[in-house]
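Engineer: structure here, sequence nowhere to be found:
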RNA sequence: GGGCGGAUAGCUCAGCGGGAGAGCAUCGGCCUUACAAGCCGAGGGUCGCAGGUUCAAAACCUGUUCCGCCUACCA
């Protein structure tokens, strides 16, 4: 085996084997319990970023764990057609060839998109494979697949027939660049510096003017009223009068509406029903006129008089200029406002009145709220439940139509002859009413509409498939909080609606990946770390381990190369520890019937291993991924490598045969195997590579289908742990003295021990103490305190290291004093507690006892140190 | 405006009622034949600030400051 682990050659080899053997493929029906999960489908246009890497690493850990634990495990992968994003990509390609999509035509354009998808779409799938994701690729789905498309139409038709989908004129967010309506969620609000403009609207009777305040003066061209609060003592009297709209010169009414906040601005509100939601609502209450002034390109339209054709932002400047010239502009003040921007292209969206399709949400949301409240769906960490409720309880109807071409075309047909509307899953030939020709609705559905159906459409719905029976509801969903509303909430609603059951039992929400400074990674900031670069540089296992280690619940993941380096070192540690173990094991297949070695370190490591097994299982089941990684790191490095392998060396190198070394080899074999299996869900590649090299392997032909270790109480051995701790404690004390007094590692020392009854234990393992602490001569005393020695105490056991030849007394005195001071400080705190009457009266007995024991131990230790101090002082004279 | 989260060692973070922890970084000593991507040892924190509850608070409550996020129809 190489001295340093080299991931590159190895990763590809094993991934291909796993695929070839079909290990990722779940069974449609099985007597084994099932575990299922659907992937948050990445965009077909996407490439792997840190968020995906974290998300999929966690999913893979859980999947591999369940698969090894005997579950019929399905991790269903796929991609999302990403309507707007994909259309943008292909439009850009066309533009390079000098075409606009209108010149190409809808049908040809869509063909073009499919071509693009076949060629360059879905690179992310290959990237997920490099991450080691054990998805069932035989079940891979795409939201535009025929099956899923049919399911989408089915859902649309059912919802339409129930009256939950309707078509209406309403204010929606319009992206003038993408030329489509967006849902509320797709408009991202961003605090932007702007101005509040105060504009005079003269009263029609010439008796003065009202001043309105607005942030979007260009919309004044579409004003159809000025609203004041009827209770407003200043303006109430104007209700019923008219004002003259500046520039336009037409009369518009002053109306009274309690919506108007008297405190804000001037207390008079200009009403533009075609370009503001609130104004639209006011319009409905008062039956006002609607005048749209901005067109679909974001330019002023024919209603904007001499501004027709002007861009909306240019118009803003020009109109302010004109108002100023004509004396209508009273003043302007700086003002911060939340401006909605298109989540795809960052263009400022225009609230505009438009005929769109909507989905009524309240009836769908209510059962979905209940499902979470009743914990049919658990959201973890719990904090996200609150966020979920907050949004769901204030949910508004969802604008589901998009004016683009790439997507699920709305299954509605219009008969122009008789105005009949046909809504059906299959394409109708002619109007059933008049036999006239039909024209299909040109809009497509919001991409998230099909994503919302993902957990059941991917399993074959609306057909009653075995997969659905076996895997729905799925066990778990792992995703980032950024799509809690976009996706998770909608899946819960749709799952309940169409499957009669929640889509998943648990939702684990993980954090965002940020850079080392805590900033969100983004292309514009230039602080993105490309996962594939990291994989190339450090290997997949190291990368996955890092993400796992940092994935603490409710915390963002701060990623830095240093952390990844640390993980790479750990992977290498595992590699080298395995290398040594394999050398020790040789070709021999250790007898697996050896359950109990009499060698203390063997008993200890088995006991510790059991506890780690228990902790890892619980950690994965409770989504405490960082705990799992930390537990394994500490156990493998600081217990297995630092202690077990070191202490076992004399035996397995053949220097000592006091103990049954076959039993030790068996213990080593089993422990290494357990470690590999425990690590496998997190670092699949290196563990497989080593597993394949184990002599006389267990039945499994791959670690990924081997049995995950199961906690075995019978190997837990408290006494062995205590005894081993004593031995390690003694070694620590000697090492500490050596380190502190500056004894070089190659210089052997003498050690004299005064025990409190552990003499026979220490004598049995004397050889190992001497070996690990570099001790030449180890002896025991009863009462006489060795002279001229450094002293250390472990649980009442005194360890003396004669220093005559080695070091000066003064230095040792300083060391002892430092330690005594530490003890004094601790004793002071404890005695304060113990002397407190209320503490003795109210604290639980075990807490009091614990403090008393501790106090006793500390004072005993102090006494012993003091004795040594006096001794040394005498010598020093 | 409403809501949520964070503030613990130089850095990144665990811990969330009973002895302040880890990794990295730092300092000292080691090429000890699994690993220098390593080994041994050490130093380092009035747990954001102020109150309160409790025998006991980093943890629970209240207030406060500073960061971050989500959400919203005050133009």
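Structural biologist: Everything's here; your move. As the structure is a prediction and not an experimental result, all values here were calculated from the model. Residues are numbered from 1 along each chain as shown, chains lettered A, B, ... in the order given.
Engineer: output the lowest mean pLDDT helix or strand found in chain A.
Structural biologist: Least confident helix or strand of chain A, by mean pLDDT, DSSP states H and E, is strand A:557-558 with a mean of 65.
Engineer: which parts of the stretch 151-300 of chain A are strands?
Structural biologist: A:165-175, A:180-182, A:187-202, A:209-214, A:225-228, A:242-244, A:251-256, A:268-271 (DSSP state E, counting those that start in this stretch).
Engineer: mean neighbour count for those strands - can I get that in JSON lines?
Structural biologist: Placement of C-beta: from N, CA and C, glycine included. Formatted as JSON lines, those follow (neighbours: other C-beta atoms under 10 Å):
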{"stretch": "strand A:165-175", "mean neighbour count": "19"}
{"stretch": "strand A:180-182", "mean neighbour count": "25"}
{"stretch": "strand A:187-202", "mean neighbour count": "17"}
{"stretch": "strand A:209-214", "mean neighbour count": "20"}
{"stretch": "strand A:225-228", "mean neighbour count": "25"}
{"stretch": "strand A:242-244", "mean neighbour count": "21"}
{"stretch": "strand A:251-256", "mean neighbour count": "19"}
{"stretch": "strand A:268-271", "mean neighbour count": "26"}
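Engineer: close to RNA strand B: what parts of the stretch 701-850 of chain A are there?
Structural biologist: Contacts of the stretch 701-850 of chain A with RNA strand B, taken as C-beta under 7 Å from any atom of the strand, map to A:732, A:735-736, A:738-740, A:742, A:744-746, A:826, A:833, A:836, A:838-839, A:841-844, A:847, A:850.
Engineer: geometric centre of chain A: which residue is closest?
Structural biologist: residue A:510 (2.5 Å; C-alpha atoms, centre = their mean).
Engineer: so where's chain A shaky on pLDDT?
Structural biologist: The model of chain A has pLDDT under 70 over residues A:514-528, A:553-558, A:591-595, A:697-699, A:804-808, A:876-877.
Engineer: packing partners of the lengthiest helix in it?
Structural biologist: Ranked by residue count, the top helix of chain A under DSSP state H comes out as helix A:845-876. Packing partners of helix A:845-876 (3 or more C-beta pairs under 8 Å, 6 or more residues apart in numbering; DSSP states H and E): strand A:789-794, helix A:809-834.
Engineer: can you tell me which of those is most buried?
Structural biologist: strand A:789-794 (a mean of 25; mean count of other C-beta atoms under 10 Å).
Engineer: neighbouring strands - and their directions - for that one?
Structural biologist: Strand pairing for strand A:789-794, determined by DSSP bridges: strand A:797-802 (antiparallel).
Engineer: how far off helix A:845-876 does the partner strand point, in degrees?
Structural biologist: 20 degrees (axes from the mean of the first three to the mean of the last three C-alpha atoms, to 10 degrees).
Engineer: residue A:773 reaches residue A:739, doesn't it?
Structural biologist: No: counting by C-beta atoms under 8 Å, residue A:773 stays clear of residue A:739, with 11.0 Å between them.
Engineer: mind checking which of these two has more residues around it?
Structural biologist: More crowded of residue A:773 and residue A:739, by other C-beta atoms under 10 Å: residue A:773, with 22 against 10.
Engineer: relative to residue A:228, how far out is the nearest residue to that one once chain neighbours are set aside?
Structural biologist: Nearest non-adjacent residue to residue A:773, counting by C-beta to C-beta, 6 or more residues apart in numbering: residue A:734, 3.9 Å away. Relative to residue A:228, residue A:734 is positioned 88 Å away (criterion: C-beta to C-beta, to the nearest Å).
Engineer: hmm, back to that, what bridges to the residue nearest to the centre of chain A?
Structural biologist: residue A:480.
Engineer: one step back: could the helices and strands packed on helix A:845-876 go into a markdown table alongside distance to residue A:382?
Structural biologist: Formatted as a markdown table, the helices and strands packed on helix A:845-876 follow (distance: least, C-beta to C-beta, whole Å):
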| stretch | distance to residue A:382 |
| --- | --- |
| strand A:789-794 | 43 |
| helix A:809-834 | 35 |
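Engineer: got the angle for the strand or helix carrying the residue nearest to residue A:773 vs strand A:797-802?
Structural biologist: According to DSSP states H and E, residue A:734 maps onto helix A:718-741. For helix A:718-741 against strand A:797-802, the angle by the same axes, to 10 degrees is 30 degrees.
Engineer: neighbouring strands for the following helix or strand past helix A:718-741, and are they parallel or not?
Structural biologist: Going down the chain from helix A:718-741, the next helix or strand is strand A:749-754, by DSSP H and E. Strand A:749-754 sits in its sheet next to strand A:775-780 (parallel), strand A:797-802 (antiparallel), going by DSSP bridges.
Engineer: of those, which is nearest residue A:325?
Structural biologist: Taking C-beta to C-beta, strand A:797-802 is the member of the strands paired with strand A:749-754 nearest to residue A:325, at 94.7 Å.
Engineer: that closest one versus helix A:809-834: what angle between them?
Structural biologist: 160 degrees.
Engineer: quick check: the gap between the residue of the stretch 651-800 of chain A found nearest RNA strand B and residue A:159.
Structural biologist: Nearest to RNA strand B in the stretch 651-800 of chain A, going by C-beta to the nearest atom of the strand, is residue A:739, at a distance of 2.5 Å. According to C-beta to C-beta, residue A:739 and residue A:159 sit 73 Å apart.
Engineer: ok, now residue A:319?
Structural biologist: Taking C-beta to C-beta, one finds residue A:319 at 43 Å from residue A:159.
Engineer: these two - which one has more neighbours?
Structural biologist: residue A:319 (25 against 21).
Engineer: residues near residue A:850, how many?
Structural biologist: 13.
Engineer: sorry, wrong one. I was asking about residue A:320.
Structural biologist: Residue A:320: 18 surrounding residues under other C-beta under 10 Å.
Engineer: helix, strand or coil for the residue in the stretch 1-150 of chain A that RNA strand B sits nearest to?
Structural biologist: Nearest residue of the stretch 1-150 of chain A to RNA strand B: residue A:4, at 4.1 Å (C-beta to the nearest atom of the strand). Following DSSP: H, G, I helix; E, B strand; the rest coil, the label given to residue A:4 is coil.
Engineer: next, count neighbours for it.
Structural biologist: Residue A:4, neighbours per other C-beta under 10 Å, totals 9.
Engineer: next one: residue A:873
Structural biologist: Residues near residue A:873, counting by other C-beta under 10 Å, number 11.
Engineer: quick check: buried residues in the helix or strand hosting residue A:366?
Structural biologist: Following DSSP H and E, one finds residue A:366 within helix A:362-373. By 16 or more other C-beta atoms under 10 Å, the buried positions in helix A:362-373 come out as A:364-365, A:368-369, A:371-372.
Engineer: same list, those residues, but as a markdown table with distance to residue A:385 please.
Structural biologist: Compiled in a markdown table, those are given as follows (distance: C-beta to C-beta, whole Å):
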| residue | distance to residue A:385 |
| --- | --- |
| A:364 | 18 |
| A:365 | 15 |
| A:368 | 12 |
| A:369 | 10 |
| A:371 | 11 |
| A:372 | 6 |
